[in-house]
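S.K.: next input, structure requested:
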Amino acid sequence: MDAVFEERLSTFLVTTVEPFELASLLRFLNEPVTKTALDDISDYLHYNQLAYLSPSVDGRASRWVSRAALFTGKSASLTPSRSDLSAGVIVPASSLVPFPNPAVLPHEYVLRYRGAELPKVLLNASPSELYPRYALFGEEYAPQYLAMDNEDNERILSELDYGDPLEMGVTAFDGREFYWNESFSPGDRIIARLADWKTGTFDLEVLHGKDIDRERESAWISAMDEALKECFSIHGPSASIDEQLAFAWYLRHEILDTIHGPPLFEYLERSSAVSLEYFGVETRLWHAGTEIPSQNDWNFTLPSKPASITEETLANLSLPLNERIIESYVLDGLFRREADAAGTIERLLPPSLAHGSIAAPLIERAVRISRSYREPRYNRFADYERGQLRGRMVKLHGDLTALVLSLRQSKIRPETIPDQWPIVLMQIMGHLIPSMESLDFPAEGEALDLDAAWGNLEGMEEHFLDAQSVIQNVLPILIDRRLSIVRVPGSPGEHPDA
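M.R.: Numbers count the residues shown, from 1 in each chain. Have a look, this model is predicted:
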């Protein structure tokens, strides 16, 4: 789908707070209401979890619920720490996940008390105090969230190459009037009612500890346990903790929609069924004390649904390519001053794909079309900074693709490789592809932060080298084990998939 289509779709989903039918959405998008169009938009919403399907009632067309509709008017709860109370501040960090628009950062939220916005203040604290507050975004991303919070953090973290400084500042909200007027004390909870999903605007009130309905609280914990277990069964580890929690809330919203539910951090302390678990270099919610399993195969999943027949074919072949990534390779070839498209095609086609694969002619055709368009317009001088960065991204993409395809060709299954390294490889690709796309196809009005992009790339390269080293060390053992299984006595000539 092109950028204009996606922008109009985003506008609809952000502003629609009532259930809708797909036909209404297509009309808003100026698209024909055909069976094919209905199927395509349904697949797109499902694939990206942009909205949730409600069952058909009385034979009417199925209705969908956007995240804006799911959470607008609903309440999250949070418990300030004793140090927050002493300082008279409210620090949202990730406490309000999954209620607000994920595109709005915590320092951009608007908190209101009795109709007036709470002023923002800067709270200084150590990383050991700040990082755990971001656990529902994935604590591994805490430095990035704090770097985006204010320019001082960005400078400090950049100078330390994203090492831990002694202290950083985080945007907090002045809660002194709220605490004073509401006679707030330890054990009480802040109830944050979402007033505007698009902007992350919440209205605050208090729930005193003595007024908490403990039976409804227990029912809430049980319902969240069951909802998350169902989420794990349907979607596995999903793309993020936010996505897991949003889907779980959708599944059990009739019970979860109560001010008596505990804050999510407290829920995780009390639940015996669900906890934060490592998932490669990231974290997810999962069955408590259980390792999140690797996927059963080496199939890549691109961040967005295929937008053309070429992309559909590449996706069916489980290749981490779309037309934008191919264009990045083409631009890299031009930056290298290559005389023709041969070098680009060679880099895009590892030996396992170069001959006899339907991917080869598709990729060759896409490269030649792109190069014929790009070459007359290309300015290497203007592209110099991006070109250096792109070259490293393209190399990492190619090396990672070649490694995974060689493992696939050797019939080495992901679950046979220790310590979740296959998950790490897939996560690197999951971050690398959007990085490549944003470098050459930035969203309208979006400025590229080259320093941050270099930092992210170097982190991905480091994780890839670690994974590659481990896999290469264990590969002879895995191949020998697979061959031993193939040579099991009594099954001559039998070659089960490894």
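
S.K.: surely residue 285 forms part of a strand?
M.R.: Yes. Under DSSP: H, G, I helix; E, B strand; the rest coil, residue 285 falls within a strand.

S.K.: just checking, it touches residue 276?
M.R.: Yes. Between residue 285 and residue 276 there is a contact under Cβ atoms under 8 Å: 6.3 Å. The way it works is simple: take the backbone N, C-alpha and C, and place the C-beta from them, glycine included.

S.K.: who touches both of those two?
M.R.: Residues touching both residue 285 and residue 276 (Cβ atoms under 8 Å, 6 or more residues apart in numbering) are residue 241.

S.K.: helices of the stretch 51-200 of the chain, start to end?
M.R.: Applying DSSP state H, counting those that start in this stretch to the stretch 51-200 of the chain gives helices spanning 67-71, 82-87, 127-130, 142-149, 151-159, 176-181.

S.K.: neighbour count: residue 285 and residue 276, which is higher?
M.R.: The neighbour count for residue 285 versus residue 276, taken as other Cβ atoms under 10 Å, is higher for residue 285 (27 against 16).

S.K.: ok, the residue lying closest to that one once chain neighbours are set aside to residue 104 distance?
M.R.: Spatial nearest neighbour of residue 285, chain neighbours left out: residue 244 (5.1 Å); criterion: Cβ to Cβ, 6 or more residues apart in numbering. Going from residue 244 to residue 104 by Cβ to Cβ, to the nearest Å gives 19 Å.

S.K.: repeat for residue 307
M.R.: Counting by Cβ to Cβ - residue 307 and residue 104 are separated by 27 Å.

S.K.: how about residue 120?
M.R.: 14 Å.

S.K.: quick check: the residue nearest to residue 285 is in a helix.
M.R.: Yes. Assessed with three-state DSSP, residue 244 lies in a helix.

S.K.: so what's it up against?
M.R.: 228, 231, 232, 235, 237, 238, 284, 285.

S.K.: is it true that residue 131 touches residue 141?
M.R.: No. The criterion here is Cβ under 8 Å, and residue 131 misses it with residue 141 at 9.6 Å.

S.K.: quick one on the thing from earlier: just the buried residues of the contacts of residue 244.
M.R.: 228, 231, 232, 237, 238, 284, 285 (16 or more other Cβ atoms under 10 Å).

S.K.: assign the fourth one to helix, strand or coil.
M.R.: To tie it back to what came earlier, the one meant is residue 237. Residue 237 - assigned by three-state DSSP - is coil.

S.K.: so what's residue 286 up against?
M.R.: With Cβ under 8 Å, 6+ apart, residue 286 has these contacts: 232, 237, 274, 275, 276, 277, 279, 292.

S.K.: now, those residues that are in strands?
M.R.: Within the contacts of residue 286, residues falling in strands by DSSP state E are 274, 275, 276, 277, 279.

S.K.: nearest residue to the third one in space, please, no chain neighbours.
M.R.: Nearest-residue entry for residue 276: residue 283, 5.1 Å, with adjacent residues in sequence omitted and distances by Cβ to Cβ, 6+ apart.

S.K.: residues near the one you found, how many?
M.R.: Neighbours of residue 283 (other Cβ under 10 Å): 22.

S.K.: how about it, what does it touch?
M.R.: So residue 283 contacts 135, 138, 139, 140, 241, 276, 277 (Cβ under 8 Å, 6+ apart).

S.K.: and the fifth one, how many neighbours does it have?
M.R.: Going back to what we said before, that points to residue 241. Residue 241 has 24 neighbouring residues, counting by other Cβ under 10 Å.

S.K.: so it touches residue 141, yeah?
M.R.: No. In this structure residue 241 lies outside contact range of residue 141 using Cβ under 8 Å: 10.1 Å.

S.K.: the helix or strand containing residue 47: how far from the chain's middle?
M.R.: When elements are assigned from DSSP states H and E, residue 47 belongs to helix 35-48. Computed by Cα atoms, centre = their mean, to the nearest Å, the chain-centroid distance of helix 35-48 equals 20 Å.

S.K.: now do stretch 397-405
M.R.: On Cα atoms, centre = their mean, the centre of stretch 397-405 falls 22 Å from that of its chain.

S.K.: which residues are contacting it?
M.R.: Residues outside stretch 397-405 that contact it (Cβ under 8 Å, 6+ apart) are 298, 300, 319-320, 325, 347-348, 350, 352-353, 425, 428-429, 432-433, 436, 464, 468, 471.

S.K.: show only the entries of the residues you listed found in helices.
M.R.: Members of the contacts of stretch 397-405 lying in helices (criterion: DSSP state H): 325, 347-348, 352-353, 425, 428-429, 432-433, 436, 464, 468, 471.

S.K.: those, buried ones only, as a PyMOL selection?
M.R.: A single PyMOL command is used to select the members of the ones in helices among the contacts of stretch 397-405 judged buried by 16+ other Cβ under 10 Å:
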select buried, resi 325+347+348+353+425+428+429+432+433+436+464+471
